[in-house]
Structure formats: C-alpha cells, structure tokens
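Enquirer: pasting the sequence and the predicted coordinates here, then a few questions.
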Amino acid sequence: MRISAYHPALLASEKLFAIPPFSLAKGLVSAYVAYPIAEHKEQRDVRSKVSELRRHYRQPFPQRLAQAQASLVETLRFAGSQVPYYRDLFASTGFDPERVARDVRYLDDLPYLTKEIMREQGARLYSRPLEEVRHYMCKTGGSTGLSCHIAYDQIAADYSSAVTLYARERAGNYKWRSELHFACRFPDMTDPGWPTREDFKCFAMNRSNIFFDRLDDVGLAEIWETLKRRRPYMVHAHPSTIYALACYIERTYGSAKTFSVFESSGELLESYQREQIARALRCRVVDRYGLAELGVMAYELQGHEKGLQVLDSEGWPESRETPGGDHELVLSSFRNRLMPLIRYATGDLARVEQRADGFYLTDIVGRIHDIVHLAGVAYPTHTIQDMLDYRVGGIQEFQIDVRGEKPILRIVPEPHADPAQIAAKVEAYWPGALLLEFVGHEAFVRVGHRAKFRHVVSA
C-alpha cells in the first residue's frame, strides 16, 4: 500500500533525518547496508572501482602519466581491431597504435572524431551489436553540436558512477553524507506515491531530488523551503539554477545556509556566479567538467585554487587550436569498450595544461543555459530541453528566438518524427506561449564572434 509522497508524516521524517544523530544513522545504513544490497541486486560493481581510483590518485603524477599512456595505447589497439569505423580509419590513414606506445605525439596522426561523424557512422562505432550486450544509452545535450546517442557498456557505466563517488569524496561528500539533486518537473507529473523504486534508489544513494520547473520567486521560494527541510551536505545542480537561488536569498534574507557544498555541472561556472553562491548561500563551491559522451572528466580535486584536474584514469586530454585562435578540448576515453571515443572534439573551448601533479583545464568556455519567460513563467533552458527530449520527443535540436513580441521555437525534427504530433505536445505544455517553426539546422542563429550555438537567441 502506498501513501502520498507529500504526506505530512513523510515531510516530518525529512526534517527528523536532516538533524544529527538521525542524519548520521541514516547515512551509515545507506552507505554500508542499502548501497551494497542495491549494487548486488542490480548486478553492478562500483565500490571496488572507487577503491581502485583511491589507489590510483595516491600515486605521483609521473606514474599515473605512464599508466594513462598505456591505457591510451590499449584503447587504440582494441578500437583498431574490434570497431569497424576505427578499423577502416586506421587502414586508410596508415595509423599504427604501436607508434603511440613509443611517443604519444604520434596520436596527432589520427583525425578527430566529431558528433557529425558519430551520427553518420552510427552502429559502425560499436564494437559489438547492442542486442548482444547489456548497455545504457545516453543522449548528448546538443549545446555544442547536433545531439547524438552514446552507448555505454556495463563496465563503463560502473566506472562512471565510481568516478562521481570518488570525486565527491575528495570534496568531503562521503557516502554517509546526504546529497540533493535538482531535476526537471514535467507538467504531467503526478504524485508517484511512496514507496517507489526511485525512493529505494535514493535511500541507497543517500540522495534526494528537488523537482522544479520555474525560477521566478514562487519557484525559488518552494526550492528554499525544501532545502530548509532536508538540509543536505551537498547540492548538485546547474550553476544558473543555484545562482538564481542565491540572488533570491540575498534579496530576501541577505544570506542563509542550508547545505555545505554546491557541486556545479552541466554549464560553465562563471566567477561571478561562484562568488554570489558562496556569499549568499554560505557554502563551498566545487566545479566539475563532465559530458554525456564520457562522463565526469575533470574535477576540482584539490580545491578551487588548484583548478579543474583532469581525471587521467579515465581518458587522455588534448586541445586543438581552432581557426579563430581558440583551443577546443579533445578527449579520448579509456573505459567504454562498447563505443570507444578517440580524439573526440567536444565542442567546448579549453586549454590542457600539464603540471607537475596532473593535467588541468584552463581558459574554459563551455555550455551556457539561459532563462526564457513563457506566459509569465521563468523557465531555465535545461528544463525546456528535458521536456522536449523526454515528453515531446522526435527532436534533433531546438532554438528559441525571443527577439520578437512572441518567442519562436524553431525545431529540427528527427526524420521519422511527426511534426503535427510535436506541435500538439508543445501547445499542450505551453499553450499559446510560443510560435512554432520546423526548420533545418541552417536556419539556426549563431551567436557571438565565434558563431557558437545557443539554445536562446536574445540579441
């Protein structure tokens, strides 16, 4: 028998388990009882990989660097023998992975991989047919090029989870400390009742979710009340979301504290956002760089002062100079044998700097999410993107032009999609708020001197 997820008893329990010693007791049971049970039940192996990562990063960088080069060569050998795209590419270019074993600069002989190539090649980038292996599909966000789908095998998915857990440990968020994740609230979401599978998952992860769909004062007040009730150790969200909350708190209370660490992801964390969040919300701000294609690849493992350290256990970093004189981040993954990505041009601008203790990302220019007002409600673009991806569907890419009297939503549909069905769903979610146009990619407006794609065009 289920009860409402908003039952007063459940809301009261959130308050109870947010204060010591109850918070500690809940965290210990989650970390040492519930998580191992969930890991076994789901046939996953994450904890051993977290231990492996701890051992790896206790080593000095010269040892890690040699191991990273060896992992790169091993990945190249595997891809050249097992992945049709790379097998043909190596043959046509005369590329030999053994040269990289002698000198990593021979990697320059291999062309870059782009999203356009990934969409064009499709299954030729898989080492095995998907139906033969347990796998997880992940869609890229599309902010740095056309969206495409990435297939992770089980080992790669487990390493991705382990990296997240290990990196958060380095920020002080051990498994027995609670965390909170911001997620999109869809208009058609109903009360799921309690308990659900997601409730058990959250208990095992010692995590809770805030579902939100607006960042005006009404939505921000609701978010703040939830944070006050749950008081997590770490909050994970887009920086634009928490920056909006910080501005609201400063305007309303001056400053206030409900959590200790904010972990930023999904967008570029600007310095003014970091300062405002730290000041108004009285928390430590930790940045990370991750992407759907490879997972978390850089983290402030040693604090903000040291910067974003590349996780050399997971991939090999490079940067290439663009025609405009900028540097684009290029990554090669080590873990995903189902769909290895080699010399993948991410579309994000950053330099890779090799220091005595590791690789670091500098001069980062990344994904930016905007706020769009539809029928008087402030929506972050990542909320709109989630709704278009998971509720509307059939969309390759979108852009919202807010320069006229009424916002124009331009959509590039997938070849198989029904535009009439897309239009009906858009109108159902945002009645009368948007003009809708179905276009090709060439119709999108590029912003700035680098002609960078943005989901919102405002000038």
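Expert: Here it is on my side, so go on.

Enquirer: relative to residue 117, how far out is residue 259?
Expert: Taking C-beta to C-beta, to the nearest Å as the criterion, residue 259 is separated from residue 117 by 41 Å. Where you see a C-beta, it was placed from the backbone N, CA and C, and this is true even at glycine.

Enquirer: got it, and residue 75?
Expert: Separation of residue 75 from residue 117 (C-beta to C-beta): 17 Å.

Enquirer: show me which of those two is the more surrounded one.
Expert: Taking other C-beta atoms under 10 Å, residue 75 and residue 117 do not tie; residue 75 has more neighbours (24 against 17).

Enquirer: wait, what's in contact with the more buried one?
Expert: With contact set as C-beta atoms under 8 Å, 6 or more residues apart in numbering, residue 75 has these partners: 332, 333, 334, 340, 342.

Enquirer: shouldn't residue 171 be in contact with residue 233?
Expert: No. The pair residue 171 / residue 233 is not scored as a contact, 9.7 Å apart, by C-beta atoms under 8 Å.

Enquirer: shared neighbours of the two, anything?
Expert: For the pair residue 171 and residue 233, residues contacting each of them under the criterion C-beta under 8 Å, 6+ apart are residue 261.

Enquirer: show me how far the lengthiest helix in the chain is from its chain's centre.
Expert: The residue-count maximum for a helix in the chain (DSSP state H) belongs to helix 61-82. Computed by C-alpha atoms, centre = their mean, to the nearest Å, the chain-centroid distance of helix 61-82 equals 25 Å.

Enquirer: which of the helices and strands in the chain ranks last by mean pLDDT?
Expert: Every helix and strand of the chain was ranked by mean pLDDT, DSSP states H and E. The lowest is strand 452-453, at a mean of 54.

Enquirer: mind listing what's buried along the one helix or strand residue 101 maps to?
Expert: Element membership for residue 101 (DSSP states H and E) is helix 97-102. Of the residues in helix 97-102, 97, 100, 101 count as buried by neighbour count, 16 or more other C-beta atoms under 10 Å.

Enquirer: avg pLDDT for the helix or strand encompassing residue 89?
Expert: Using DSSP H and E, the element containing residue 89 is helix 84-93. Predicted confidence along helix 84-93 averages 98 (mean pLDDT).

Enquirer: helices and strands around that helix, which ones?
Expert: Other elements packing on helix 84-93 under the criterion 3 or more C-beta pairs under 8 Å, 6 or more residues apart in numbering; DSSP states H and E are helix 61-82.

Enquirer: what do you get if the cut-off is 10 Å, keeping everything else the same?
Expert: Identification of packing neighbours for helix 84-93 by 3 or more C-beta pairs under 10 Å, 6 or more residues apart in numbering; DSSP states H and E yields helix 61-82, helix 115-121.

Enquirer: any chance of these in JSON lines, plus distance to residue 162?
Expert: Supplementary listing: the helices and strands packed on helix 84-93 in JSON lines, determined by distance: least, C-beta to C-beta, whole Å:
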{"stretch": "helix 61-82", "distance to residue 162": "15"}
{"stretch": "helix 115-121", "distance to residue 162": "25"}
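
Enquirer: hang on, the earlier thing: wait, which of the buried residues of helix 97-102 is closest to residue 122?
Expert: residue 97 (23.8 Å; C-beta to C-beta).

Enquirer: nearest spatial neighbour of that closest one, skipping sequence neighbours?
Expert: With C-beta to C-beta, 6 or more residues apart in numbering as the criterion, residue 97 has its nearest non-adjacent residue at 3.6 Å, and that residue is residue 76.

Enquirer: same thing with residue 114?
Expert: Here the nearest residue to residue 114 in space, its sequence neighbours aside, is residue 345; by C-beta to C-beta, 6+ apart that works out to 5.3 Å.

Enquirer: for residue 38, same thing?
Expert: In space, residue 38 comes closest to residue 204 once its chain neighbours are excluded; the distance is 3.9 Å by C-beta to C-beta, 6+ apart.

Enquirer: for the stretch 101-250 of the chain, which segments count as helices?
Expert: With DSSP state H, counting those that start in this stretch, the ranges of helices along the stretch 101-250 of the chain come out as 115-121, 154-170, 197-205, 217-230, 239-252.

Enquirer: next, residue 340: secondary structure please.
Expert: Applying DSSP: H, G, I helix; E, B strand; the rest coil to residue 340 yields a three-state assignment of coil.

Enquirer: any idea how many residues pack against the nearest residue to it once chain neighbours are set aside?
Expert: Residue nearest to residue 340 in three dimensions, not counting chain neighbours: residue 79, with 4.8 Å by C-beta to C-beta, 6+ apart. Number of residues near residue 79 (other C-beta under 10 Å) recorded here: 24.

Enquirer: so residue 79 makes contact with residue 100?
Expert: No. In this structure, residue 79 sits apart from residue 100 without contact. The criterion is C-beta atoms under 10 Å, and the distance is 11.9 Å.

Enquirer: neighbours of the nearest residue to residue 175 once chain neighbours are set aside, how many?
Expert: Nearest-residue entry for residue 175: residue 31, 3.7 Å, with adjacent residues in sequence omitted and distances by C-beta to C-beta, 6+ apart. In terms of burial, residue 31 registers 18 neighbours under the definition other C-beta under 10 Å.

Enquirer: what residues are up against residue 31?
Expert: Contacts were defined as C-beta atoms under 10 Å, 6 or more residues apart in numbering; by that measure residue 31 touches 47, 174, 175, 176, 177, 204, 205, 206.
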